[in-house]
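**Q** Have a look at this fold, sequence not included:
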Ligand code: NAD
Ligand code: 6OD
């Protein structure tokens, strides 16, 4: 097994001999994280540190895959596509996907502990969102591949010929999956589950910040009867490292990527020469639009969640909040109260609402926007700095939840994705103005609209230039629906049949009757 987890049961972090990761008394220490190639754990020549963002301690040494190991992983995946997995039918693949979901749930605490340690997200969030969604991703796509219909047409041509056209679904081949650090297992399995359901094999490059759960998943794959070579993991960075070695590789047939828009642009250049299908889920600068006729308390709570969940590190988070002038002051005041009531602290405490940012570097980026907002003329409503704990958490990468008002819509803080627990709140006077302001962005991922006027909810939702509009909710997911973004937020849609269609090659057969 590539990861080497040690579990101990301790009453408190102080008495934990590992001293590293604490999870409700269960402490998981992953000493060494290796590549997983053709069913084997493989060490590279170089290592880098996996750091716990809550206190800056090193959780594990991660091996970095070099070019030859990426070659081996791609070759193993190519070989596996010609083997048992490539020949397997839909029922068999679906059965294995259900097993994977079960095995993830059997190791629930281990996955939670690893995700909490890698990301610094609160244990309550990882337990409620990340790990359950990973299992759900496999079940949903197992259900779907069993029931997915394909098109067929009885054809009559103008010159009197007749034919039957029908479509068959085939795997694309070897899919390169590249994922970010904010929802590591959730976003990996969101792509992996449909890729496997369609019969592909994969080489995964998880974020260098969060390598643990992709590696733990290798054990689940083995235990679920997934043949060697179907699931491969290579660790490392992007440019001139495992990420680029993978996207440049002539042996992969498609690239599916979630991450920053600029990285998407770089990957697109790399794959352009070999004309491979790409699916990109990229950044966002999402709006929440709050009308005076909203359910006020529900809107304040919903917007607070949309701004601060996962320390604002969800691509769908709202960094721009537009509030109808009649309720503007009251709304800002209540949002401030919500922000100030968030319990910031150790991710392993069940009561913690907000953990740290992912890294020192990312914290510096977010703090640079906090400074920029002031120099761009913002009024600080709350936050704007770094919390102090007086203990080991001061070595972590925490920032305060932050709210600004008063910025011009053209400023960088209103235009650029910050990816932290921060929003700017601006007033609007009419529905038309709200729609115009919300759409005045180069991104186009998500929007949330808060109103009790049903017709307005539909009307405004449909005018948003985004992949997903939520009305009186946020991040409420049905995995069968299309998910993706417009503009800088992505290319293509995944979810439900959109995923199955991306991860398949469709072959139309025309039979002359
Ligand atoms: P990132 O783009 O820096 O990194 C993502 C992955 O790409 C990592 O595994 C990284 O190593 C790899 N990578 C970087 N450069 C590469 C290159 N040149 N070639 C190949 N691989 C390369 O993103 P991040 O900082 O990990 O994640 C945060 C970003 O992701 C935010 O912009 C956020 O909005 C976005 N995101 C979008 C979605 C979505 O569904 N739309 C979901 C989550 C995160
Ligand atoms: O819920 C999902 O399927 C999904 N792709 C969420 C993306 C969240 C971005 O950080």
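**A** Arrived safely. Bear in mind the structure is a predicted one, so any value in this text is a computation, not a measurement. Ligands and ions are numbered 1, 2, ... in the order given.
**Q** chain center to stretch 134-151: distance?
**A** On the basis of CA atoms, centre = their mean, to the nearest Å, stretch 134-151 sits 19 Å off its chain's mean C-alpha point.
**Q** Report the rounded mean pLDDT for it.
**A** Average pLDDT, stretch 134-151: 96.
**Q** Make 38 the first number, not 1, from now on.
**A** OK, 38 is where the count begins now, so the last one is stretch 171-188.
**Q** So which residues make contact with it?
**A** 127-128, 130-132, 134-135, 137-139, 141-142, 148, 202-206, 222-223, 225-227, 229-231, 233-235, 250, 516-517, 533-534, 536-537, 543 (CB atoms under 8 Å, 6 or more residues apart in numbering). For every residue, glycine as well, the C-beta is placed using N, CA and C.
**Q** Buried ones from the residues you listed, can you make that a ChimeraX selection?
**A** Restricted to buried positions by 16 or more other CB atoms under 10 Å, the ChimeraX selection for the contacts of stretch 171-188 reads:
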select :127,130,131,134,137,138,141,148,206,222,223,225,226,227,229,230,231,233,234,235,250,516,533,536,537
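**Q** Restricted to helices, list the contacts of stretch 171-188.
**A** Mapping the contacts of stretch 171-188 onto helices (DSSP state H) picks out 127-128, 130-132, 134-135, 137-139, 141-142, 148, 222-223, 225-227, 229-231, 233-234, 250, 533-534, 536-537.
**Q** Starting from the strand or helix carrying residue 241, tell me which strands it pairs with and how they run.
**A** Here residue 241, judged by DSSP states H and E, is contained in strand 238-242. Within its sheet, and counting by DSSP bridges, strand 238-242 is paired with strand 211-215 (parallel), strand 268-270 (parallel).
**Q** Could you single out the most deeply buried of these?
**A** strand 268-270 (a mean of 31; mean count of other CB atoms under 10 Å).
**Q** Give me the contact status of it with ligand 1.
**A** No - Strand 268-270 does not reach ligand 1 (CB under 6 Å from any ligand atom); its nearest approach is 11.5 Å.
**Q** The following helix or strand past that strand - contacts with which helices or strands?
**A** As assigned by DSSP H and E, the chain's next helix or strand after strand 268-270 is helix 279-284. Other helices and strands packing on helix 279-284, by 3 or more CB pairs under 8 Å, 6 or more residues apart in numbering; DSSP states H and E, are helix 104-118, strand 211-215, strand 238-242, helix 298-309.
**Q** Pull the residues that contact helix 279-284.
**A** Taking CB under 8 Å, 6+ apart as the rule, helix 279-284 contacts 101-104, 106-107, 110-111, 213, 215, 240, 242, 271-275, 289, 292, 304, 307-308.
**Q** Now it: buried residues?
**A** 279, 280, 281, 282, 283, 284.
**Q** residues near the closest residue to residue 350 other than its chain neighbours, how many?
**A** Nearest in space to residue 350, with sequence neighbours left out and distances taken as CB to CB, 6 or more residues apart in numbering, is residue 219 at 4.4 Å. By the criterion of other CB atoms under 10 Å, residue 219 has 24 neighbours.
**Q** hang on, isn't residue 219 packed against residue 396?
**A** No - with contact defined as CB atoms under 8 Å, residue 219 does not count as touching residue 396 (11.6 Å).
**Q** list the residues that contact both of those two?
**A** Joint contacts of residue 219 and residue 396 (CB under 8 Å, 6+ apart) do not exist.
**Q** what does the stretch 138-287 of the chain have sitting close to ligand 2?
**A** Within the stretch 138-287 of the chain, the positions adjacent to ligand 2 are 219, 220, 224, 227 by CB under 6 Å from any ligand atom.
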